[in-house]
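Enquirer: output the structure for:
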Amino acid sequence: MKKRLRKKLALGEFQNFLFEVRFSFDPSVDADALMDDWIEVIEANGLFCGGGGGAGEWGFGVGFEESVEPRNRENRRGAIEEWLKNDERISAYEVGPIQADLIGAFERSKRAARRQAARNARFGIPSILEI
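Expert: Residues are numbered from 1 along each chain as shown. Sure thing, here's the model as predicted:
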């Protein structure tokens, strides 16, 4: 397979890796401060994330920057798990395994966002897809 096609399909040396993170916290916690701390730990470990959530529960797909060498991926995932374990504001968390399926996870999250938008529309709540 030609390099250009491998890049387009995210295969071989262009393969993307991610892991999923879900955590819950007391809704009375300052969500802005928690989000700032979350972003700080993500960036400090050479990661990026996408996702979100509602009152007291968030979920993210966390990916690795290109600068993160393959042998360090598990260490970076472990650092996130350690942060979740040690943060007093987090009441429960789940960190998934590292997967080589960024495109598939992205498609699944788009479908979930559409379902949530449909639920919100029933109650007259504007969705992030409409903003």
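Enquirer: give me the pLDDT for K110.
Expert: Residue-level confidence at K110 comes out at 61, pLDDT.
Enquirer: with L34 instead?
Expert: 93.
Enquirer: show me what contacts it?
Expert: For L34, the contact set (Cβ atoms under 8 Å, 6 or more residues apart in numbering) comprises F25, R89. No exception for glycine: its C-beta is placed from N, CA and C like everyone else's.
Enquirer: E20 and R4: what is the separation?
Expert: Relative to R4, E20 is positioned 30 Å away (Cβ to Cβ, to the nearest Å).
Enquirer: how about R76?
Expert: For R76 relative to R4 (Cβ to Cβ), the value is 29 Å.
Enquirer: partner strands of the one helix or strand G63 maps to and their direction?
Expert: If you go by DSSP states H and E, G63 is part of strand 57-64. According to DSSP bridges, strand 57-64 has the following sheet partners: strand 18-25 (antiparallel), strand 47-54 (antiparallel).
Enquirer: mean pLDDT for those strands: which is lowest?
Expert: Ranked by mean pLDDT, the strands paired with strand 57-64 bottom out at strand 47-54, which scores a mean of 88.
Enquirer: between E20 and R4, which is the more surrounded one?
Expert: Between E20 and R4, E20 has the larger neighbour count (other Cβ atoms under 10 Å), namely 19 against 8.
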